[in-house]
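*Asks:* model this:
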Amino acid sequence: MSLALFNDYYRNKIYKLIDTSLELFQISTWLHVFSGALISIFIPIFLLQMDYSIASVMLYYMIYNIFDFPFNLIAKKLVFKIGAKNVIAIGSAFSILFFVLLYNLTPNNWTLLIAMALFAAIYDAFYWVARVYFFMKCSPNDDDVSKDTSKIKIIEMIAGLLAPIIGAGILIFFNQRVLIIISTTILALSLWPLYKIKKIDDKPKIAKNFKEFFYSRNVSKEYIIQGLFSFHRVTEAVVWPIFIFTIFHNIESVALIPIIVSITAIMFTYFIGNISKGKRTKSILVGAIFISIIWILRIYINNSIFYYLSVLLMGLFAVFISIPQDSNLYEKGERNCALSASTYRNTASMFPRIFFYALLFILVDIFRVSFVIAVVGTIALMLVSYLFTINMKNKSLI
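*Replies:* Model prediction:
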């Protein structure tokens with residue numbers, strides 16, 4: 001009897017430890033990111049290994065981003081009607097369908113590849129619009145979400161650290177089909193803690209249209225920065241792994257990238273999450289300056305050690321931008337309209353990539369051009385952040 005009471009006591013204690021909306025959300029996020037990180041960085045490599053050309057891979061990603069744009073608006077309407085949790089579940093189902101198609105993909109099968117692009121776009125729009133909205137509702141710190149944002153980032157990075165190691169191991173000792181099965185299983189499990197969240201109403205009461213939401217220049221700042229920063233993100237996440245693979249010609253060389261990024265970023269994410277609101281712009285400017293310098297160095301330095309050292313530095317300085325930027329966006333979005341904020345955040349991130357991939361598709365030297373675009377985008381981000389801040393300070397003095 002005493003043993004049964006002991007077990008009940010600790011079962012209840014453990015349950016209480018995770019019996020908050022944010023903690024359950026964090027568990028769901030970890031499982032979801034882990035399932036994606038097992039395989040996501042290897043997807044362009046799989047296509048290359050199936051004899052799809054680099055131009056074909058760029059075309060695939062362009063089609064994916066074209067599909068993505070309208071589905072953000074559809075996701076917004078669905079969250080309003082059926083709730084964020086159900087939209088996340090639908091998005092996850094399309095992700096599973098994407099992996100089913102990837103499992104059956106064969107060389108030069110453009111029908112299947114376009115269907116993959118469609119399913120990936122539905123997943124991205126549904127999952128991220130609903131997830132960011134739901135995070136804003138789960139976060140108890142509406143006025144300063146930096147700490148909650150940094151916690152989520154750390155959770156994502158721990159998953160990003162472990163998953164590629166395991167994913168590469170599965171690819172080396174088994175094959176990509178085993179990896180796909182494991183990834184989809186974990187993805188499905190990520191929905192369980194999400195549906196355990198009962199205290200948060202996941203159906204928004206209002207949903208502002210574009211004109212109502214962007215009622216001032218100050219609101220638009222974060223979304224312009226989001227769009228400009230996406231040039232760095234997409235070059236680092238898709239083009240750089242392809243570049244590394246073309247040099248070293250093995251999966252292990254690509255798997256090292258997210259591992260190095262995660263190790264670096266975990267160390268600094270907590271620190272950046274604790275900076276004051278007044279220092280967020282400075283943090284963004286510092287990150288943008290150093291990221292621009294690293295991209296310029298990548299254009300001119302051909303050295304294997306530098307390639308991975310640059311990955312480490314990119315992981316560090318990207319945190320200087322992403323956490324202050326997301327914190328600003330979430331706080332303003334919560335005060336204005338959380339659902340519209342999550343919708344336009346994802347739209348701003350994905351829409352510029354259509355033109356990015358379209359340009360790379362028609363060019364021969366995609367690496368040098370993409371690196372230059374990343375430099376220009378990051379410098380523009382720095383100028384926008386600085387000019388908006390100066391404008392707001394001048395207004396406050398009037």
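*Asks:* for the stretch 51-200 of the chain, which spans come out with low pLDDT?
*Replies:* Residues of the stretch 51-200 of the chain meeting the criterion pLDDT under 70: 140-146.
*Asks:* name the helices or strands packed onto the helix or strand containing residue 234?
*Replies:* Element membership for residue 234 (DSSP states H and E) is helix 217-234. Judged by 3 or more C-beta pairs under 8 Å, 6 or more residues apart in numbering; DSSP states H and E, the packing partners of helix 217-234 are helix 280-300, helix 304-336, helix 338-362, helix 366-397. C-beta here means a position set from N, CA and C on the backbone, and glycine is covered the same way.
*Asks:* who's in contact with it?
*Replies:* Here helix 217-234 makes contact (C-beta atoms under 8 Å, 6 or more residues apart in numbering) with 213-214, 284, 291, 295, 318, 321-322, 325, 328-329, 332, 336, 344-345, 348-353, 356, 373-374, 376-378, 380-381, 384-385, 388, 391-392.
*Asks:* Filter the residues you listed down to the buried ones, PyMOL style.
*Replies:* Command for PyMOL that selects the buried part of the contacts of helix 217-234, burial taken from 16 or more other C-beta atoms under 10 Å:
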select buried, resi 213+214+284+291+295+318+321+322+325+328+329+332+336+344+345+348+349+350+351+352+353+356+373+374+377+378+380+381+384+385+388
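*Asks:* closest one to residue 23 among the helices and strands packed on helix 217-234?
*Replies:* Across the helices and strands packed on helix 217-234, residue 23 has its closest neighbour in helix 304-336 (17.9 Å, C-beta to C-beta).
*Asks:* Now do that closest one against helix 366-397, angle only.
*Replies:* Counting by axes from the mean of the first three to the mean of the last three C-alpha atoms, to 10 degrees, helix 304-336 lies at 40 degrees to helix 366-397.
*Asks:* what's the distance between helix 304-336 and the middle of its chain?
*Replies:* 11 Å (C-alpha atoms, centre = their mean, to the nearest Å).
*Asks:* re earlier: could you point out which of the helices and strands packed on helix 217-234 sits nearest residue 65?
*Replies:* Of all the helices and strands packed on helix 217-234, helix 338-362 sits nearest to residue 65, with 4.5 Å by C-beta to C-beta.
*Asks:* helices and strands around that closest one, which ones?
*Replies:* helix 54-82, helix 110-138, helix 210-213, helix 217-234, helix 304-336, helix 366-397.
*Asks:* Which among the ones you listed is found nearest to residue 175?
*Replies:* The closest of those to residue 175 is helix 110-138. By C-beta to C-beta, the value is 18.4 Å.
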